[in-house]
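> what's the 3D shape of this:
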Amino acid sequence: MKTIKSFLLLLALLALLACPLLVAAGESPAIVYKVDIKEEIGPSSWRLARRSFARALEEGARYIVIHLNTYGGTVIHADSLRSMILRCPVPVWVFVDNNAASAGALISIACDRIYMSEGANIGAATVVDATGEKQPDKMQSYMRSMMRSTAQAKGMDTLAIKGEQRLVWRRDPAIAEAMVDEEVEVAGVSERGKVLTFTAREALKHGFCDGVVSSIEELLRAEGIERYELREYRVTTIDRVIGFLVHPILQGLLIMIIVGGVYFELQTPGVGFPLAASLAACALYFAPLYLEGLATYIEIILFAAGVILLLLEIFVFPGFGIPGIAGAACIIGSLALAGVGEFSLDFAGEFARELLYSLFFVATCAVFSLFFSLWLGRRLFGARRLGLALRATVPVEEGFIGVDMTAGREIGKRGKAFTSLRPAGKVEVEGEVYDAVSNNGDYIEKGAGVRVIKHRTGQLYVEQDNE
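From the prediction side, this is the model:
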């Protein structure tokens with residue numbers, strides 16, 4: 001009897017010891033989602049990162065690891081990435097594999113953990129333009145504020161310093177600010193006159209790195225994660241095409257083609273290549289933004305309304321008045337709204353920054369396109385260099401004159417508008433086609449009856465004949 005009790009007691013002990021092992025064996029591995037950012041921070045990288053984060057949350061990822069290697073990029077897209085990381089409901093860690101410069105430093109500081117490889121660097125977040133020229137202090141001030149607030153968002157730790165309990169920032173905001181402004185001096189860390197950049201070991205010493213590792217697998221081991229499933233978003237061909245189409249340079253060219261096409265179409269009778277080029281550019285501009293959910297049917301309807309208003313201004317209300325101004329505003333507004341995220345009434349927040357940036361970008365491209373179109377029009381239609389102007393001389397001494405005087409015989413006769421006159425165009429009188437101008441500057445529709453009033457410098461001046 002005693003032997004049986006001992007045996008049962010042994011079985012119970014073994015069962016108690018086996019339970020944790022069985023539970024551990026039954027646990028599913030933690031899903032770790034890897035997000036690659038190994039290019040310039042811009043629309044393409046922002047788009048792929050946003051899709052990766054969304055997919056990670058859909059698949060129930062427990063952790064997200066950013067594999068980062070970048071020299072920086074645009075401030076607005078870096079800010080969008082920073083905001084997405086700070087709001088992410090699961091821990092976000094970053095593995096800096098070589099470079100986290102400029103916008104990359106901002107993104108890294110926003111993460112919950114920073115791991116760096118040997119030889120990696122982080123910092124140098126001064127705002128510069130495309131040529132590397134430092135931007136005005138207004139922009140530097142905004143970047144300093146973003147770096148400072150991002151570091152503060154990581155909170156404070158309670159440390160025992162010389163027997164006293166003190167609250168210390170996990171990531172010192174002053175150090176983050178020194179990565180932007182060379183005038184910020186941090187005792188024992190940075191000197192005045194030099195923008196701060198840390199090596200991996202320096203970042204580890206000053207709280208801007210949580211460990212030096214050689215791979216993501218080593219990072220996960222450092223965090224105590226042994227059983228995991230590493231997943232990542234696979235970039236498709238469509239992703240690459242959309243990423244190419246939403247690049248700022250190409251988007252700017254498409255806006256210029258849209259505006260330039262409309263301008264040249266207004267300078268030529270009928271419908272031709274300029275309008276076709278403008279419509280094709282519209283499709284390439286709106287299609288990727290619509291597929292990404294940035295542009296909706298509202299922006300497309302607004303653009304169509306703008307085109308209709310411009311057509312009304314041209315064919316119904318000659319001159320340039322309220323319909324023309326409203327049409328131009330609708331087109332510019334639709335192009336700008338298509339470049340920002342979800343519409344918001346919070347005009348003091350992130351939406352306002354994105355809208356102002358997009359509006360400035362679209363307006364700049366439109367103005368540049370308009371001036372370029374004016375210059376190109378003069379070169380094409382007025383320059384001897386292209387061979388489109390008369391090269392030979394016709395001296396008066398040999399009986400040549402510079403205008404066609406036979407048109408003067410048509411004064412008082414009736415005909416019809418061969419093209420629309422707005423106010424210049426062509427008219428047909430007794431089978432002959434002449435250059436003509438509406439005498440009062442009125443718009444005369446193609447096919448309408450006209451009466452010749454006078455002849456001057458080779459042109460007929462006509463009025464609409466309502467008889």
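> any idea how far residue 147 is from residue 91?
21 Å (Cβ to Cβ, to the nearest Å). C-beta: built from backbone N, CA, C; applies to glycine.
> Between these two, tell me which one has more neighbours.
A direct count of neighbours by other Cβ atoms under 10 Å for residue 147 and residue 91 places residue 147 higher, at 26 against 14.
> quick one: that one and residue 108 touch, right?
No: assessed by Cβ atoms under 8 Å, residue 147 is found out of contact with residue 108, at 10.7 Å.
> Could you pull out the helices in the protein for me?
Per DSSP state H, the chain carries helices over the ranges 2-26, 43-58, 75-87, 103-110, 137-152, 173-178, 200-205, 216-222, 237-245, 248-267, 273-291, 297-315, 322-337, 350-382.
> So which of those is the most surrounded?
Among the helices of the chain, helix 103-110 has the highest mean neighbour count (mean count of other Cβ atoms under 10 Å), at a mean of 28.
> For it, enumerate the helices and strands it packs against.
Contacts defined by 3 or more Cβ pairs under 8 Å, 6 or more residues apart in numbering; DSSP states H and E place helix 103-110 against strand 63-70, helix 75-87, strand 92-101, strand 121-123, helix 137-152.
> can you rerun that using 6 Å?
Under the contact criterion of 3 or more Cβ pairs under 6 Å, 6 or more residues apart in numbering; DSSP states H and E, helix 103-110 touches helix 75-87, strand 121-123, helix 137-152.
> among these, which is nearest residue 291?
Of all the helices and strands packed on helix 103-110, it is helix 75-87 that lies closest to residue 291, at 18.4 Å by Cβ to Cβ.
> Can you name the residues in contact with that closest one?
Helix 75-87 is contacted from outside by 41, 42, 46, 49, 92, 103, 106, 107, 110, 111, 153, 357, using Cβ atoms under 6 Å, 6 or more residues apart in numbering.
> Serialize these to a markdown table and add fields for pLDDT and distance to residue 120.
Formatted as a markdown table, these follow (pLDDT from 0 to 100; distance: Cβ to Cβ, whole Å):
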| residue | pLDDT | distance to residue 120 |
| --- | --- | --- |
| 41 | 89 | 17 |
| 42 | 83 | 22 |
| 46 | 86 | 22 |
| 49 | 90 | 20 |
| 92 | 95 | 18 |
| 103 | 91 | 16 |
| 106 | 94 | 16 |
| 107 | 95 | 14 |
| 110 | 95 | 17 |
| 111 | 95 | 14 |
| 153 | 91 | 23 |
| 357 | 75 | 30 |
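> Go through these and say which is closest to residue 68.
Among the contacts of helix 75-87, and counting by Cβ to Cβ, the member closest to residue 68 is residue 107, at 6.8 Å.
> need the contact list for the closest one.
Residue 107 touches residue 81, counting by Cβ under 6 Å, 6+ apart.
> quick one: it and residue 70, what's the gap?
8 Å.
> Residue 354 now?
Taken as Cβ to Cβ, the span from residue 354 to residue 70 is 21 Å.
> repeat for residue 306
The value you get for residue 306 to residue 70, if Cβ to Cβ is used, is 38 Å.
> what's the answer for residue 438, then?
Taking Cβ to Cβ, one finds residue 438 at 60 Å from residue 70.
> just residue 194 next, same as before
From residue 194 to residue 70 the distance is 22 Å (Cβ to Cβ).
> So the two - more neighbours on which side?
residue 70 (23 against 10).
> Identify the residues contacting that one.
Residue 70 touches 37, 41, 104, counting by Cβ under 6 Å, 6+ apart.
> Outline the domain layout of the chain.
27-232, 249-381, 403-464 (automatic domain parsing).
> Which stretch among these approaches residue 239 most closely?
Taking the domains of the chain one by one with Cβ to Cβ, domain 27-232 is closest: 6.6 Å.
> Off-centre distance for that closest one?
The chain centre lies 22 Å from the centre of domain 27-232; the measure is Cα atoms, centre = their mean, to the nearest Å.
> now do stretch 434-452
46 Å.
> mind exporting that stretch as PDB, just the C-alpha atoms?
Once non-C-alpha atoms are left out, stretch 434-452 reads as follows in PDB (Å, rounded to 0.1, in the frame of the first residue of the first chain):
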ATOM      1  CA  TYR A 434      -8.900  84.700 -95.000                       C
ATOM      2  CA  ASP A 435      -7.300  85.600 -91.700                       C
ATOM      3  CA  ALA A 436      -9.900  87.600 -89.700                       C
ATOM      4  CA  VAL A 437     -10.500  89.300 -86.400                       C
ATOM      5  CA  SER A 438     -13.800  89.900 -84.600                       C
ATOM      6  CA  ASN A 439     -14.200  93.700 -84.900                       C
ATOM      7  CA  ASN A 440     -15.600  94.200 -81.400                       C
ATOM      8  CA  GLY A 441     -13.500  91.400 -79.800                       C
ATOM      9  CA  ASP A 442     -16.600  89.200 -79.500                       C
ATOM     10  CA  TYR A 443     -16.500  85.500 -79.700                       C
ATOM     11  CA  ILE A 444     -17.900  84.100 -83.000                       C
ATOM     12  CA  GLU A 445     -18.600  80.400 -83.200                       C
ATOM     13  CA  LYS A 446     -17.400  78.300 -86.100                       C
ATOM     14  CA  GLY A 447     -20.000  78.200 -88.900                       C
ATOM     15  CA  ALA A 448     -21.700  81.400 -87.900                       C
ATOM     16  CA  GLY A 449     -22.500  84.000 -90.500                       C
ATOM     17  CA  VAL A 450     -20.200  87.000 -90.700                       C
ATOM     18  CA  ARG A 451     -20.100  90.300 -92.600                       C
ATOM     19  CA  VAL A 452     -16.800  92.000 -93.600                       C
END
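> Name the residues of it that come out as buried.
Within stretch 434-452, the residues that count as buried by 16 or more other Cβ atoms under 10 Å are 434, 436, 437, 438, 439, 443, 444, 448, 449, 450, 451, 452.
> got a list of contacts for it?
318, 407, 410-411, 413-417, 419-424, 427, 453, 459-465.
> next one: stretch 39-50
Outside stretch 39-50, the residues touching it (Cβ under 6 Å, 6+ apart) are 35, 37, 70, 73, 74, 77, 78, 80, 81, 103, 243, 246.
> Specify which member of those residues is nearest to residue 53.
Among those, and counting by Cβ to Cβ, the member closest to residue 53 is residue 35, at 6.9 Å.
> No further questions, thank you.
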